[in-house]
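Student: Quick one: sequence plus predicted model below, questions after.
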Amino acid sequence: MDGQIIRAEYSDIMQKSYIDYAMSVIISRALPDVRDGLKPVQRRTLYDMYELGIRYDRPYRKCARIVGDTMGKFHPHGDSSIYEALVVMAQDFKKGMTLVDGHGNFGSIEGDGAAAMRYTEARLEKVTQDAFLADLDKDVVDFGPNFDETEREPLVLPVRIPNLLVNGADGIAVGMVTSIPPHNLAEVIDAVKAMIRNNKITTEGLMKYVKGPDFPTGGVIVNQDELPAIYETGQGKIRIRGRVELEKAKGGKERLVITEIPYTMIGANIGKFLNDIAALIETKKTTDIVDISNQSSKEGIRIVLELRKGADVERLQNLLYKKTRLEDTFGVNMLAVADGRPETLGLRQILEYHVDFQFELATRKYQNLLEKEEKKKEIQEGLIRACDVIDLIIEILRGSKSRDQVKACLVEGVTDGIKFRSEKSKKLAAKLLFTEAQANAILDMRLYRLIGLEVEVLMKEHETTLANITRYKDILNNYGSMAAVIIKELDAFKREFCRPRRTAIENAEEIVLEEQKIEEMPVVFLMDRFGYVRTIDEATYERNKDAADAEQRFVIHCLNTDRVCVFTDAGKQHLLKVLDVPFGKFRDKGTPVDNLCNYDSAQENFVAVMALNDIRDTVLTFVTRQAMVKQVEGCEFDVSKRTIAATKLQDGDAVLAVHAAHEQAHLVLATKAGYFLRFPAAEIPIKKKTAIGVRGMKLGAGDEIAAVYWLEGGECPEVTFADKPVHINRLRIGSRDSKGSKAR
């Protein structure tokens, strides 16, 4: 076959392809449908379990069987996404109402993952079967082909409760994200009933029933006044606090027990929360906690903080709310697929879509039932009429040669070829005129149906059928009747599946934490050649002065409220709070400076360490290997950021020295080739820290600065170069940007 070359702009093809991909992710993967509150993977998994017969009252089946069947029939996107969706639907700490009954290790609230799918088992929950999958056989929802058109799957499940609100949802699509909190089933059902009775009800009116989110982890929502705006727009932030109880301990001591946590803390954040408490203790932000223990179990959360006697409990609680995730924010963005497109919905809009969906389901259900009852009525009327003329029908049967001949006689009154006992019978037979369905039922009727009692049963069934038809027509033709049916079903679900609210809702003032005043005291900051830092008191330093000066690379006298500037050869300044540095004994190892700032030992090396209070009112001189020099006012390094660029460097250059010196000092630069240049520090211009600086010395080809010396008084430093002593103070004073003299 001849090929056809289509010329097109590459950018147009890429744009169209990306838009198609984005819409596929949005509609078919990441966002839930507003009608059933399910993502496609969840819907397909539940439907597959229903098709496999894994009902709530039947034995569990291996999850691997469910995942494999779902992937092979409906969701060809990998087993991990299917199993993850299955696991989440079984986790009661993530869902307001679990949809899958899991058997085995399905993970924990502390972030432990579920066991492999070959070990775990599952089946449907009763609520899933009753409220999500019932009536699938009554043509209440549309079905479509699966990915390879070998199976058919429901495009939406006939969910009878507002699952989008009850279980919430979270997902990340292309350029958009959904985050819907779970709610209490009883409250949401009451809101649906109110919406059915008054379709003009406002969000404020609905919130008389839906008080707010109801998280499975409990906790306390503390910004109640902001909820109406969140539910009106579908967007906002909910502040949640964990629940803390005070218990008495032995010896007059007390303990704080955290029994409920914010919904956002589930998973690895519980471990982070414990680490944050430990950090508060290590940094002396609190001295009231003497021990931490996590006693959580299947019965619930129990994190115990043992307190010292006389602890300030109220301040400690405020500290935990302010400095840890015991108070956290849940970002609400109620985005769902509505009418085939993503839309951010408020509470009223979600319930409107749900109510419309319920009426659509009920209409299709009762239309289907009405059709069945009318067909049943037709057959029943035929059988009742047949019982009245049963002798004639038997005469037709005995006088006919085939089923078709009998059927033609019963339906069309054709009597040709049929032997009758009399002409009267023939005339009566020609007037029977049953419908085709009635004729088939008569021909299939068994003789025992002619018993008197069976005829009475048939008459009663016919009366029931007529009553059903009347009822179904009333439901279909009257809004009030259909609304009553829907409300009755909702009440049944509420009675059987509702549970008490877990999350309290209130208004609480913003936590204002008054920092405890730290007693200011002088300390000595020590950093060894491996980059381990610690602080000791001055008395300890004086007792170990010789050892400290010999063993430590940097020894800085400062205050415990001060900050320390660490300059590196990469031209960076790392700022450390002295309070963050561990305080202890002289022989303590300390902690790596990497843990206290953004220092990267693989990319940079220490050049100088200074106390910020010592350099704030001075001028710092920078010298690089390529002989670039400049002076920078110390106040430029008093910043809030932990890491900044202290100077700008040329390609391949590195900072060699940073020094605070007075204007009368002399600077001596020594190169690898043995050239020395001495010149007054006053010749170095003052620049901004973002500047490269000026040239301090002319270098020969391949040469670079190897050492920097300072002459600030009457000292007579001596260095060794090429195994010969060089007296620095005897060097001739030159000028900046000259070549200098070679050592002899």
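Tutor: Alright, I've got the coordinates.

Student: Output the below-cut-off pLDDT ranges for the protein.
Tutor: 1-3, 18, 20-28, 447-453, 512-517, 713-717, 722, 744 (pLDDT under 70).

Student: what's the residue closest to the geometric middle of the chain?
Tutor: In the chain, the residue lying closest to the centroid (Cα atoms, centre = their mean) is Asp170, at 6.1 Å.

Student: if I pick it, what's in contact with it?
Tutor: By Cβ atoms under 8 Å, 6 or more residues apart in numbering, the contact list for Asp170 reads 177-180. No exception for glycine: its C-beta is placed from N, CA and C like everyone else's.

Student: where's it relative to Ile487, distance?
Tutor: Using Cβ to Cβ, to the nearest Å, Asp170 is found at 31 Å from Ile487.

Student: And Gln224, by the same measure?
Tutor: 29 Å.

Student: follow-up on the earlier one: turn the contacts of Asp170 into JSON lines, columns for neighbour count.
Tutor: Shown next, in JSON lines, are the contacts of Asp170 (neighbours: other Cβ atoms under 10 Å):
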{"residue": "Val177", "neighbour count": "13"}
{"residue": "Thr178", "neighbour count": "24"}
{"residue": "Ser179", "neighbour count": "16"}
{"residue": "Ile180", "neighbour count": "23"}
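
Student: Check those residues and tell me the two furthest apart.
Tutor: Val177 and Ile180 (10.7 Å; Cβ to Cβ).

Student: list the residues that contact both of these two?
Tutor: With Cβ under 8 Å, 6+ apart, Val177 and Ile180 have common neighbours 170, 333, 335.

Student: Show the backbone phi and psi for the residue lying closest to the second one once chain neighbours are set aside.
Tutor: Spatial nearest neighbour of Asn333, chain neighbours left out: Ser179 (4.8 Å); criterion: Cβ to Cβ, 6 or more residues apart in numbering. With angles defined as degrees, to the nearest 10, Ser179 shows backbone torsions of phi -150, psi 100.

Student: Distance check, Ser179 against Tyr263.
Tutor: 11 Å.

Student: what comes into contact with stretch 734-744?
Tutor: With Cβ under 8 Å, 6+ apart as the criterion, stretch 734-744 contacts 629, 669, 671, 673-679, 683-684, 694-698, 700, 721-722, 724, 726, 731-732.

Student: The same query, at a cut-off of 7 Å, please.
Tutor: Contact with stretch 734-744 is made by 674-679, 683-684, 695-698, 721, 726, 732, as judged by Cβ atoms under 7 Å, 6 or more residues apart in numbering.

Student: how about it as CSV, C-alpha atoms only?
Tutor: Taking C-alpha atoms only, stretch 734-744 is exported to CSV below (Å, rounded to 0.1, in the frame of the first residue of the first chain):
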residue,chain,number,x,y,z
GLY,A,734,55.8,47.5,47.7
SER,A,735,52.5,48.5,46.2
ARG,A,736,49.4,46.5,45.4
ASP,A,737,49.3,44.9,41.9
SER,A,738,53.0,44.6,41.6
LYS,A,739,55.1,41.4,41.0
GLY,A,740,56.9,41.4,44.3
SER,A,741,60.4,40.0,44.9
LYS,A,742,61.7,36.4,44.8
ALA,A,743,62.8,34.9,48.1
ARG,A,744,66.5,34.2,48.3
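
Student: where's that stretch relative to the chain centroid, distance-wise?
Tutor: Relative to its parent chain, stretch 734-744 has a centroid offset of 65 Å by Cα atoms, centre = their mean, to the nearest Å.

Student: mind listing what's buried in it?
Tutor: Within stretch 734-744, the residues that qualify as buried are 734, 736, 740, 743, counting by 16 or more other Cβ atoms under 10 Å.

Student: and if you look at stretch 279-289?
Tutor: 280-281, 285-286, 288-289.

Student: so of these, which ones are in strands?
Tutor: Ile289 (DSSP state E).

Student: Export the buried residues of stretch 279-289 as TSV, with columns for distance to Ala547.
Tutor: Below are the buried residues of stretch 279-289 laid out as TSV (distance: Cβ to Cβ, whole Å):
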residue	distance to Ala547
Leu280	33
Ile281	30
Lys285	32
Thr286	34
Asp288	36
Ile289	35
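
Student: Which parts of the stretch 151-300 of the chain are strands?
Tutor: Listed in chain order, the strands of the stretch 151-300 of the chain (DSSP state E, counting those that start in this stretch) span 152-154, 169-172, 177-180, 220-221, 235-241, 243-248, 254-260, 289-294.

Student: among those strands, which is the most enclosed?
Tutor: strand 220-221 (a mean of 22; mean count of other Cβ atoms under 10 Å).

Student: about what we covered before: which residues does the residue nearest to Asn333 form beta bridges with?
Tutor: Asp170, Asn333 (DSSP bridges).

Student: That one contacts Gly331, doesn't it?
Tutor: Yes: counting by Cβ atoms under 7 Å, Gly331 is a contact partner of Ser179 at 5.5 Å.

Student: any idea how far the closest residue to Pro158 other than its chain neighbours lies from Pro154?
Tutor: Counting by Cβ to Cβ, 6+ apart, Val140 is the residue found nearest to Pro158 once chain neighbours are left out, at 4.8 Å. Using Cβ to Cβ, Val140 is found at 9 Å from Pro154.

Student: Helix, strand, or coil at Arg502?
Tutor: Here Arg502 is coil, with the state taken from DSSP: H, G, I helix; E, B strand; the rest coil.

Student: The residue nearest to it when sequence neighbours are not counted: neighbouring residues, count only.
Tutor: Once flanking residues are discounted, Arg502 sits nearest to Gly218: 4.4 Å by Cβ to Cβ, 6+ apart. Gly218: 20 surrounding residues under other Cβ atoms under 10 Å.

Student: which one of the strands of the stretch 151-300 of the chain lies closest to Asp404?
Tutor: Set against Asp404 and scored by Cβ to Cβ, the strands of the stretch 151-300 of the chain come closest in strand 152-154, at 35.7 Å.

Student: Domain parsing of the protein, as residue ranges.
Tutor: Listed domain ranges for the chain are 38-158, 243-325, 353-496, 522-742 (source: automatic domain parsing).

Student: if we can go back for a sec, need the contacts of Asp170 in TSV (columns: distance to Lys376).
Tutor: Shown next, in TSV, are the contacts of Asp170 (distance: Cβ to Cβ, whole Å):
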residue	distance to Lys376
Val177	51
Thr178	46
Ser179	49
Ile180	44
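
Student: Among the residues you listed, which one lies nearest to Glu125?
Tutor: Ile180 (20.3 Å).

Student: residue contacts, that closest one?
Tutor: Contact analysis of Ile180 by Cβ under 7 Å, 6+ apart lists 164, 168-169, 334.

Student: from these, which is closest to Lys545?
Tutor: Lys545 has its nearest neighbour among the contacts of Ile180 in Gly168, at 63.4 Å by Cβ to Cβ.

Student: which strands and helices sit next to the particular helix or strand that has Glu381 in it?
Tutor: Remark: Glu381 resides in helix 347-388, with elements defined by DSSP states H and E. Helix 347-388 sits against helix 185-197, helix 203-206, helix 436-444, helix 452-477, helix 479-497, with contacts defined as 3 or more Cβ pairs under 7 Å, 6 or more residues apart in numbering; DSSP states H and E.

Student: most tightly surrounded among those?
Tutor: Of the helices and strands packed on helix 347-388, helix 185-197 is the most buried (mean count of other Cβ under 10 Å), at a mean of 21.

Student: helices or strands next to that one in the packing?
Tutor: Judged by 3+ Cβ pairs under 7 Å, 6+ apart, the packing partners of helix 185-197 are helix 163-166, helix 203-206, helix 347-388, helix 479-497.

Student: Now do that helix: distance to the chain's middle.
Tutor: The chain centre lies 28 Å from the centre of helix 185-197; the measure is Cα atoms, centre = their mean.
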